[in-house]
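Trainee: Pasting a predicted model and its sequence here:
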Amino acid sequence: MAYEMIALDMDGTTLTSDKRLLDGTVRDIDAAARAGKTVVLCTGRCVPELAPYRERLASVRYAAAVSGAVVYDLWEDKTLFSVGIERELVLRIIAVADEYGAMAHLLAEDASVLRRDQAARAADYGMGPYQELYSTVARLVENIAAEAAARPSVPKVNVYFRSPEDREVAYETLKALPLTITYSEVAGLEMSPPRVTKATGLRYLADRLGVGMEQVIAVGDGDNDRPMLAAAGLGVAVGNAAGPVLAMADAVAADNDHNGVGQAIRKYLLG
C-alpha cells in the first residue's frame, strides 16, 4: 500500500514529554512534505495553541484541531470545517466542573480560554507541563461561565480534575449528556460534540483532498487517538502510548522522546 497522508497527534506523540519538537522530528516531517506527502496535525489543541510550533512546522499545511471539531488550513489561516457544543451544554459542563473545584478549559476556534486563577495553578490539576502554554497563548478570564455565555457554541471543553477519583465520579454525571467524552492527561475529560472525534476531522480532510482512508497513516498515544488509529489504513502507536492504544495499533514506533513520529514517517510513509 502506498500511503499518501500521515496524521500526527501532538502532545505525547509529536512533542516530547517537555513539549519540545526534536530536530529529527522536524527533518522527517519536512522530508515527507518534500516527497509530496500530506502531513496533518491531528490534535486536541485548538489552532491558537499551535502557535509555538507553526514556524518550525511550516511545511505542514493542515490541522484537524480540537479533536476533529475544526479542520484548518494553516497556510491560508482559514477554517475549512467546524462544529461546536451548544452554549447551554457548555454551561452545564462548567457547572459540573465548579462542583468539583475542577478547571474548565474552553477550546474555541479563536482562543484557548481558562480562568486566570486556575491557570496559574495548573499543576494542581495535573497540567503542570502546560503552564508555559497557558501563560503565553491562552486567554485568561475571571469568569469562564460568562465567557461561555457570550459564545453560541464551543468546539471542545476540557475539564481537569484534582484527582482521578473526582474525574470518575463526575464522569457518571457527564456521560448522560449528548457529548463525545474521552479521558486525557492525569485526571482530565475532553468533551466534543456528539459523534465528533479525530477520525471525523481526518476523514473530512482526506475526502476534501481526494485521499482514501486506506492511504492514511495515523500516529498517536492517547484515548482520543483511538478512533483515528482505527479509521486509518495504518494505525501506529508511539512507544509511550497508553495500554489500550498499544493493544489496538497495527504497529508500534519509538516513544515521543526518541522521534517515534520520524520513525513512522521513514518506515511506513517514505519506506
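Mentor: Okay, I see it.

Trainee: Which strand or helix spans residue 133?
Mentor: Using DSSP states H and E, residue 133 maps to helix 131-136.

Trainee: residue contacts, the residue at minimal distance from the centre of the chain?
Mentor: Per Cα atoms, centre = their mean, the C-alpha nearest to the average position across the chain is that of residue 44, at 1.5 Å. When contacts are counted by Cβ atoms under 8 Å, 6 or more residues apart in numbering, residue 44 touches 9-11, 66-67, 107, 156, 158, 184, 190, 198, 224. (Each C-beta comes from the backbone N, C-alpha and C, glycine too.)

Trainee: what does residue 161 give?
Mentor: If a contact means Cβ under 8 Å, 6+ apart, then residue 161 has 100, 102, 125-126, 167, 170, 187-189 as its contacts.

Trainee: which other residues reach stretch 111-119?
Mentor: Residues outside stretch 111-119 that contact it (Cβ under 8 Å, 6+ apart): 45-46, 48-49, 103-107, 124-125, 131, 133-135, 137-144, 147.

Trainee: filter the residues you listed to the buried ones?
Mentor: Neighbour-count burial (16 or more other Cβ atoms under 10 Å) is assigned, among these, to 45-46, 48-49, 103-107, 125, 133-134, 137-141, 144, 147.

Trainee: Which of these fall within helices?
Mentor: With DSSP state H as the criterion, helices contain 133-134, 144, 147 from among the buried ones among the contacts of stretch 111-119.

Trainee: Which member of those is positioned nearest residue 256?
Mentor: Of all those, residue 256 sits closest to residue 133, with 16.5 Å by Cβ to Cβ.

Trainee: what residues are up against the closest residue to the closest one other than its chain neighbours?
Mentor: Nearest residue to residue 133, sequence neighbours excluded (Cβ to Cβ, 6 or more residues apart in numbering): residue 49, at 6.3 Å. Counting by Cβ under 8 Å, 6+ apart, residue 49 touches 107, 112, 133, 137-138.

Trainee: Same list, the residues you listed, but as TSV with distance to residue 94 please.
Mentor: As requested, the contacts of residue 49 are arranged in TSV below (distance: Cβ to Cβ, whole Å):
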residue	distance to residue 94
107	13
112	15
133	21
137	21
138	16
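
Trainee: so what's residue 1 scoring on pLDDT?
Mentor: According to the prediction, residue 1 has pLDDT 70.

Trainee: From what I see, it and residue 214 are in contact.
Mentor: Yes - Residue 1 lies in contact with residue 214 (Cβ atoms under 8 Å); the separation is 6.8 Å.

Trainee: Overlap of the contact sets of the two?
Mentor: Shared contacts of residue 1 and residue 214 (Cβ under 8 Å, 6+ apart): residue 233.

Trainee: Who has more neighbours out of the two?
Mentor: Taking neighbours as other Cβ atoms under 10 Å, residue 1 and residue 214 compare with residue 214 leading, 13 against 10.

Trainee: Which secondary structure state does the more buried one sit in?
Mentor: Of the three states, residue 214 takes helix according to DSSP: H, G, I helix; E, B strand; the rest coil.

Trainee: Could you find the closest non-adjacent residue to it?
Mentor: Leaving aside its sequence neighbours, residue 214 sits nearest to residue 233 (Cβ to Cβ, 6+ apart; 4.0 Å).

Trainee: Ends of stretch 238-252, what's the gap?
Mentor: Terminal residues of stretch 238-252 lie 6 Å apart, using Cα to Cα, to the nearest Å.

Trainee: which residues are contacting it?
Mentor: 12-13, 17, 219-223, 225-226, 229-230, 234-237, 253-258, 260-261, 264, 268.

Trainee: can you rerun that using 7 Å?
Mentor: Stretch 238-252 has contacts (Cβ atoms under 7 Å, 6 or more residues apart in numbering) with 12-13, 219-223, 225-226, 229-230, 234-237, 253-256, 260.
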